[in-house]
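Participant: The amino acid sequence is not available; the structure is as follows:
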């Protein structure tokens, strides 16, 4: 073979080897960057896993809290409903008592509204209870009417006051 041809072939091989070395250096730099990115990506994935676990625990805690609040709120709503029913019943009874009291007051006012000739009230000795002034008679009627209404209420509802 011709020495020039051998030299050219060897030169071509040398150039190709230099290009291969250059390309290998470029690939080495890229692989180093990829490995560095891989380490940072592993760190990010680790942080993401930790954040996910924390979020799952927080969600579990929130679910437990919501369950407790629902139970407690349900109990409070039930108690409020019972209290509302009790208050309605008591308001009805109070209305009934007010009506009876107004009847008593009207009964007490009726005899007093009539003009009565009253003598000047002088202190009476304790030995003479038979002499009672007319104003005291109307007061006695009012007390009797109040006692009558009281006894009717006691018989009707079982409540004295």
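Facilitator: Noted; the coordinates are in hand. On a predicted model such as this, the values are computed, not experimentally measured, just so you know.
Participant: now the strands: where do they sit in the chain?
Facilitator: For the chain, applying DSSP state E gives no strands.
Participant: Could you point out which residue ranges in it have low pLDDT?
Facilitator: By pLDDT under 70, the weakly predicted segments of the chain are 1, 110-138, 154-161.
Participant: Can you tell me the centre-most residue of it?
Facilitator: Ranked by distance to the mean C-alpha position of the chain (Cα atoms, centre = their mean), the top residue is residue 73 at 6.3 Å.
Participant: any idea how far it lies from residue 64?
Facilitator: Separation of residue 73 from residue 64 (Cβ to Cβ, to the nearest Å): 15 Å. Any C-beta I mention is one placed from the backbone N, CA and C, and that applies to glycine too.
Participant: Residue 13 too?
Facilitator: Residue 13 is 74 Å from residue 64, by Cβ to Cβ.
Participant: now do residue 24
Facilitator: 59 Å.
Participant: Also residue 102?
Facilitator: Using Cβ to Cβ, residue 102 is found at 56 Å from residue 64.
Participant: do residue 18 as well
Facilitator: For residue 18 relative to residue 64 (Cβ to Cβ), the value is 69 Å.
Participant: what number of residues lie near residue 58?
Facilitator: Using other Cβ atoms under 10 Å, residue 58 has 10 neighbouring residues.
Participant: Please report how far it lies from residue 52.
Facilitator: Distance from residue 58 to residue 52, counting by Cβ to Cβ: 11 Å.
Participant: what helices or strands is the longest helix along the chain leaning on?
Facilitator: As assigned by DSSP state H, the longest helix anywhere in the chain is helix 3-113. Judged by 3 or more Cβ pairs under 8 Å, 6 or more residues apart in numbering; DSSP states H and E, helix 3-113 is in contact with helix 134-157.
Participant: what about residue 20, how many neighbours?
Facilitator: Residues near residue 20, counting by other Cβ under 10 Å, number 10.
Participant: Show the contacting residues for it.
Facilitator: Neighbour list for residue 20: empty [criterion: Cβ atoms under 8 Å, 6 or more residues apart in numbering].
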